[in-house]
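> could you look at this predicted model? Sequence included:
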Amino acid sequence: LVGSAMYDAIQADALKVMGRQINLGQASTGGVTLDPSTKALAFKGVPVVWDPTFDALDEELGAITYPWKKRGYFLNSKALRLRPVKGRWMIRRTPPRVYDRYTYYFGLTADYGLTCRKRNSNAVFSIA
């Protein structure tokens, strides 16, 4: 996920490097075909996705050190796991009853933490 400024920067950099790929056909066809680059923007085979939430956060929060639209998050979902916090799993909740009504409320709560198996497979970066 990237912001709009990061997406534009990656796209501008890709246009500098991008060229045309020439595929030689089989000898029987005798032709050379030109394959222009793909329409999707990708970094090392991983698609780069623009997230409009980043721009909305900049409008909401105002001036901050690292604007959200200049950030990029490359996350490996295979290395990230959501796991329950020890001692905070499936706690029963029974809030007090309101004095003028004969109603009871029951609930269960659980807290989770984000764990990472391989930290160097994720990246968060920003452009200047």
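Happy to help now that I have it.
> now the helices for the protein?
Secondary structure of the chain (DSSP state H): helices located at 4-17, 52-61.
> tally of neighbours for W50?
Summarising burial for W50: neighbours were counted as other CB atoms under 10 Å, giving 17. Quick note: C-beta positions are derived from backbone N, CA and C, even for glycine.
> what's the closest non-adjacent residue to it?
With CB to CB, 6 or more residues apart in numbering as the measure, Y7 is the residue that lies nearest to W50, at 4.6 Å, once sequence neighbours are left out.
> and for L57?
In this structure, L57 finds its nearest non-sequential neighbour in W68, 4.3 Å apart by CB to CB, 6+ apart.
> so what's the one you found up against?
For W68, the residues meeting the contact criterion (CB atoms under 8 Å, 6 or more residues apart in numbering) are 3, 54-55, 57-58, 61.
> same list, these, but as CSV with distance to S126 please.
Below are these laid out as CSV (distance: CB to CB, whole Å):
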residue, distance to S126
G3, 9
F54, 11
D55, 15
L57, 13
D58, 13
L61, 15
